[in-house]
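Novice: My questions are about this predicted structure, shown below with the sequence.
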Amino acid sequence: MINIALYKPDIPQNTAAIVRLAACLNLKIHIIEPCGFNLDDPRFRRVAMDYAEISKILRYQNFKSFRKKNPKSRIVLMTTKAKKSYHMFKFKKKDILLFGRESAGVPNEIHKQIKDKIKVKLSEKARSLNIAIAVAIVASEALRQNSNL
C-alpha cells in the first residue's frame, strides 16, 4: 500500500481533499503535527465530508516520532528542489510519499535525512502545484507502477 505523509499541513481544504483522495484510492495518510489548523475545523470537515471516517489516518506529534514508527518504509520526499522527476522514479509498494507544508516545504534538516527526492516537472514560469494536485499525480503513478490502479 502506498502511503502519503503530510508534514505540518497549513491549509485545511487541501488536507481534506487529500483525505478524500486517499479514501478513494485506498492510501494510508500520515499527518505529522502540528497542523496549521484543527482537524475539527469546519472547512476541513466540509471538504473531507464522510471520507475522513473511511480513511486510514495516522497522526504523529513530530517528524522524529513519524520516523520511529515507520522504520522499514522508504520515505520519498516530494520537493521542487529535487533533480529527478517522479515519472523517472521506481516506486515500491510500502513507500511513504512525504509532502511538506504548503507555505514552506520541509526544513533543511529533514531534506538532509531523506535520500530519495523527486518532483513534478513544471513550466519555468511556475513555482509549484497545489499540494492536493501533486499528491494525486504522484500517488497515481506510484499505484500504476505497483499495479494498484
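Specialist: Done, it's in. Owing to the predicted nature of the structure, the values given are computational and were not obtained by experimental measurement.

Novice: tell me the contacts of residue 136?
Specialist: residue 21 (CB atoms under 8 Å, 6 or more residues apart in numbering). From N, CA and C alone the C-beta is placed, and that goes for glycine too.

Novice: quick one: it is in a helix?
Specialist: Yes. Assessed with DSSP: H, G, I helix; E, B strand; the rest coil, residue 136 lies in a helix.

Novice: Now do the helix or strand bottoming out on mean pLDDT in the chain: everything it contacts.
Specialist: Scoring the helices and strands of the chain by mean pLDDT, DSSP states H and E places helix 42-48 at the bottom, with a mean of 74. For helix 42-48, the surrounding residues in contact (CB under 8 Å, 6+ apart) are 12, 13, 15, 16, 17, 19, 20, 37, 38, 52.

Novice: gap between the third one and residue 94?
Specialist: The one in question is residue 15. 23 Å (CB to CB, to the nearest Å).

Novice: same thing with the fourth one?
Specialist: Distance, residue 16 to residue 94, by CB to CB: 25 Å.

Novice: between the two, who's got more neighbours?
Specialist: Set residue 16 next to residue 94 and count neighbours by other CB atoms under 10 Å: residue 16 wins out with 24 against 14.
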